[in-house]
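Undergrad: this one's sequence-less:
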């Protein structure tokens, strides 16, 4: 592992080492950890969306397997407030496709849409995981550099 300071460079003063350590610490805490949290939060939202799509897929498969032409269900009307709803025709379904738009699908079309949407969401989640891994690697490198600077400071203190 290479030192953060070239070997032919003049030794850093205690104040310079502490200043560098503080800069690295600030970078890790104020930038990298916040970026990591944002990436992990975004990935969690993607996983929640995948979960909702899988629940819908299971409902559609249940409707198809039971040959239901109508059904009663509980519907979330907002703020986790549910009301009983009667669906008179289960041959078609509206699915939110994003950006505030919903599209009417047959049950088979709905299943096909959910399958393709799930693949897209899984790729997005994988990208977020890759970004999180990169940020974790950056954090590790910066922490190792900080440790090397602390070792330099310790060596300088022993020589004094």
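TA: Good, I have the coordinates. Fair warning: this is a prediction, and the values are worked out from it, not measured in the lab.

Undergrad: check contacts around the most centrally placed residue in the chain.
TA: Nearest to the mean C-alpha position of the chain, by CA atoms, centre = their mean, lies residue 43 at 1.9 Å. Residue 43 makes contact with 125, 128-129, 132 under the criterion CB atoms under 8 Å, 6 or more residues apart in numbering. For every residue, glycine as well, the C-beta is placed using N, CA and C.

Undergrad: so what does residue 90 look like in phi/psi?
TA: phi -100, psi 10 (degrees, to the nearest 10).

Undergrad: residue 101 versus that one, what's the distance?
TA: Counting by CB to CB, to the nearest Å, the gap between residue 90 and residue 101 amounts to 22 Å.

Undergrad: and the two? Which one has more around it.
TA: Each of residue 90 and residue 101 has its neighbours counted (other CB atoms under 10 Å); residue 90 has more, 17 against 8.

Undergrad: select from the contacts of residue 43 the one having the most neighbours.
TA: residue 128 (20 neighbours).

Undergrad: right, and it touches residue 46 too?
TA: Yes. The pair residue 128 / residue 46 is scored as a contact, 6.6 Å apart, by CB atoms under 8 Å.

Undergrad: quick revisit: which element is the residue nearest to the centre of the chain on?
TA: Assigned by DSSP states H and E, residue 43 belongs to helix 33-66.

Undergrad: neighbouring contacts of the next helix or strand after that helix?
TA: Downstream of helix 33-66, the first helix or strand assigned by DSSP H and E is strand 71-76. Applying CB under 8 Å, 6+ apart, the external contacts of strand 71-76 come out as 63, 82-87, 90.

Undergrad: want to throw these into a markdown table with secondary structure and pLDDT?
TA: Below are these laid out as a markdown table (DSSP: H, G, I helix; E, B strand; the rest coil; pLDDT from 0 to 100):
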| residue | secondary structure | pLDDT |
| --- | --- | --- |
| 63 | helix | 93 |
| 82 | strand | 93 |
| 83 | strand | 95 |
| 84 | strand | 94 |
| 85 | strand | 91 |
| 86 | strand | 92 |
| 87 | strand | 89 |
| 90 | coil | 92 |
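
Undergrad: that'll do, ta.
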